[in-house]
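Undergrad: this one's sequence-less:
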C-alpha cells in the first residue's frame, strides 16, 4: 500500500492538534554564513524579527514537543538537541518529539552549517526548556504554598519532597495561559550537572532508519504525482540555440516544459520520464573552458599580487613551499531530490537541504511569491557535507509541477550531482618560514589563493606573521564543504611544519610542542602522541609515521597516522589515532562517530579524490570514475576524546576532518623521502 506524504499544516493548526499547554518563545540571532557556496538569496546576518520564535509545547496529556529550524543530515543533532531539552525538563529523551526544519512550524534559521548547532542552538534550546521547567515549578509552588527548595522535577512531574505529591507537567501546563520570553540564564543546567547530556543516548530514530520506515526526500509521494527530468546543457555556460521536443510531446501522459533555456519533462514514472528527456533533440552554443590539467596555471595567472612579505633575520634557516589543492565533490549518499506541489498560488516542497528557510526564499524569488505562500519541509536527509545549501533542485521541481498542474518529484542522478552541484574549492597555497638554530619559528608567511580563509589561523608562535587569503574567480562552481578550506590550509601548514622540522633535524612532535602557543592544541597533540606511542615509532622504507594538529571553529584536533608502502608503491593507511576536544561532550558515542566518519571521508580528499574536467564538462562524473574511500581503505582508528566540562560545547561536524591529510602526507614522506605538496597525494606520488 502506497504511503503518501501528509499534507502540511499551519502552525496554529499544529498547536491545536497538540492540545493546550505552555508555549515558550525566544528571539535569538544566528551565525554568519559559511565562506562560500551559499546559493542565491542568502540573508546575511539578518536579526530575527520579534515574531520569529523557537518554542516548546507541553500538552495537557504531558506530551512534549520541541521545535528548531536546524535540520538533521546525519550528524545526529536530532538526538543531541533532544538531550538538551530532556536535561532541562528532567525527563527521558524518548518523552520528547523534536520538529526540525519545517518553515511553517519552526523558527526562522539561517541554516545548519559551520558546526554551529551545538554552540548556538543547543544553549538556546536549553534556556527555553529550563525556563519552561521553572515556570511549571512556580505554578506548583503556588498551588502548594511552599518554597522552591521543597520540590524536585522528575519524569514529567513536579514532586513535593515533603508529602511525595506529584503534579504532571500537563496538568500544570493547562493553567498557564501566557507566553513568556526566554531570558533566564540562571535556569540552565551546568555541564557538570547534566544527567542526559554527556551520555551516549542512542540515535532516537535509528529503528526507522535501519528498517526503511523513514521517508527521505526521494521517498516522498503525493497522489497523482509525476516524475520530472531536466534537459541539461552540453557544458557549463552553454546556451540553448534550438530544441525539438516533438517526440516527447507525442508520448502518452508526458508533459513537456520549455521556458527559455529550461527544458524538462514530467511523466507517470521515472522510466517514461527518462525516455522522454532522451528523445529531445537540442543544440547548444558552448563557450571555451579550461581543463583540470590547466587549473593551477590558471590560478597562478589570475591571482592577485601578495602584500610584500616579511624579512627573515640572516641567522635563520628559511624555507619556501607551494601546495596545490584539487576540486573535490561532496558525493552525498542521497543526491538532491525534491517533491513540489502547488495549491493555487501556494507552494509546498519537500526537499533535502541544509537551509530550508533559504530554499523558501529562493522559491519565493523564483516565482514572485510572498514567503508565507511557500512551505518547505526537510525530511531527515542522507548526508550533505556542506553541499546542500542551495535549492536548485527544489526550484526545478516547482517549475515542472507548475507547468504540469500536478505534484512532481525530481531526483538528480549521480551524474547530475557530480556535474551541477558545487564543489569544494581548489587552490594554491604558498608558505614561507624562518626558524632559529634553536628550533623556534621566527617568521611565518602564508598565502591561500582561491580555496578559502577557513583555518588560516596558526597555532604556532612566531614573531613575524603575514597570513592572507586571496580571491580568484573560480572556473567551476564552488561552495561550502565539510571543514571548508581548513583542510587545505592545515594540509599546507602541517606539511610545511614537518619540512621545517626536518630541515633542522628535529623530531616533528618535539618541534610542534616547542612552538605551539595554544594550550588546547598542545593537549590534544600530547594525547594523540601518547596513545599512538609516537616516541617508539621509527619509520622505514615500507612503514611511515606522521602527525598533524590544528584548530578551527572551537574544535581542537591532533592526528597520528601509520602508513604502509608496498613493493609496488601502493599506499595503505594502517592505523590512525585522533585526539579531539570541543569543550563539554554532549554525546560521547555520537561524537566518536563524527570523528571516525571525518577521518574516513578525509582519506578520500587526502589520497585520491579529484574532479577532472575539460571542455565545460566533468569527465569523472560517476562513482565508477570518481574514487571515494572504500571499506578496504579504512584503517584501524583509535579516537581519544577530551571532555572539558569547564568549556562551552562546540560543534564537531567539520574540524575532525582537517588532520588526516597532513598526517598521512607526513607519514608517506617519512617512509619514502618524497614530499608531496598536493591533494590528492597519490597521483603525484605515483607519477
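TA: Right, received. Where do you want to start? All values reported here derive from a predicted model rather than from experimental measurement. Numbering: from 1, shown residues only.
Undergrad: what bridges to residue 339?
TA: residue 350, residue 409 (DSSP bridges).
Undergrad: quick one: it from residue 425, how far?
TA: In this view, residue 339 and residue 425 are 31 Å apart by Cβ to Cβ, to the nearest Å. Every residue, glycine included, has its C-beta placed from N, CA and C.
Undergrad: and residue 335, by the same measure?
TA: 21 Å.
Undergrad: cool, and residue 123?
TA: Taken as Cβ to Cβ, the span from residue 123 to residue 425 is 31 Å.
Undergrad: check residue 490 too.
TA: For residue 490, the distance to residue 425 - Cβ to Cβ - is 15 Å.
Undergrad: can you map out the strands along the stretch 301-450 of the chain?
TA: Assigned by DSSP state E, counting those that start in this stretch, the strands in the stretch 301-450 of the chain fall at 317-325, 337-343, 346-351, 374-377, 408-411, 427-435, 441-449.
Undergrad: pick the most buried one from those strands.
TA: Of all the strands of the stretch 301-450 of the chain, strand 408-411 has the most neighbours on average by mean count of other Cβ atoms under 10 Å, namely a mean of 26.
Undergrad: now for that one, which elements pack on it?
TA: Judged by 3 or more Cβ pairs under 8 Å, 6 or more residues apart in numbering; DSSP states H and E, the packing partners of strand 408-411 are strand 226-230, strand 337-343, helix 392-404.
Undergrad: okay, those in JSON lines with mean pLDDT and distance to residue 167 next?
TA: Conversion of the helices and strands packed on strand 408-411 to JSON lines gives the following (pLDDT from 0 to 100; distance: least, Cβ to Cβ, whole Å):
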{"stretch": "strand 226-230", "mean pLDDT": "98", "distance to residue 167": "53"}
{"stretch": "strand 337-343", "mean pLDDT": "98", "distance to residue 167": "44"}
{"stretch": "helix 392-404", "mean pLDDT": "98", "distance to residue 167": "46"}
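Undergrad: got the angle for the strand or helix carrying residue 272 vs helix 392-404?
TA: Counting by DSSP states H and E, the element that carries residue 272 is helix 270-278. Helix 270-278 runs at 90 degrees relative to helix 392-404, counting by axes from the mean of the first three to the mean of the last three Cα atoms, to 10 degrees.
Undergrad: can you name the next helix or strand after helix 270-278?
TA: With DSSP H and E, the next secondary element past helix 270-278 is strand 281-285.
Undergrad: may I see the buried residues of that following strand?
TA: Within strand 281-285, the residues that qualify as buried by neighbour count (16 or more other Cβ atoms under 10 Å) are 282, 284.
Undergrad: and for stretch 252-263?
TA: Those buried within stretch 252-263 under the rule 16+ other Cβ under 10 Å are 254, 255, 256, 257, 258, 263.
Undergrad: one step back: format the helices and strands packed on strand 408-411 as JSON lines; extra columns: distance to residue 538.
TA: Converted to JSON lines, the helices and strands packed on strand 408-411 look like this (distance: least, Cβ to Cβ, whole Å):
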{"stretch": "strand 226-230", "distance to residue 538": "57"}
{"stretch": "strand 337-343", "distance to residue 538": "51"}
{"stretch": "helix 392-404", "distance to residue 538": "52"}
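Undergrad: out of those, which gets nearest to residue 574?
TA: For residue 574, the closest of the helices and strands packed on strand 408-411 is strand 337-343, at 37.8 Å, according to Cβ to Cβ.
Undergrad: so what touches that closest one?
TA: 5, 216-218, 220-222, 225, 347-352, 391, 393-394, 396-398, 400-402, 405, 407-412 (Cβ atoms under 8 Å, 6 or more residues apart in numbering).
Undergrad: buried by neighbour count, from those: which ones?
TA: Judged by 16+ other Cβ under 10 Å, buried ones among these: 5, 216-218, 220, 222, 225, 347-352, 391, 393-394, 396-398, 400-402, 407-412.
Undergrad: following element in sequence after the longest helix seen in the chain, please.
TA: Ranked by residue count under DSSP state H, the longest helix found in the chain is helix 122-144. Next helix or strand after helix 122-144 toward the C-terminus (DSSP H and E): strand 151-154.
Undergrad: between residue 335 and residue 425, which one's more packed in?
TA: Neighbour comparison, residue 335 and residue 425: the larger count goes to residue 425, with 27 against 23 (by other Cβ atoms under 10 Å).
Undergrad: now the strands for the stretch 51-200 of the chain?
TA: 56-59, 64-68, 96-100, 151-154, 157-160, 166-168, 179-181.
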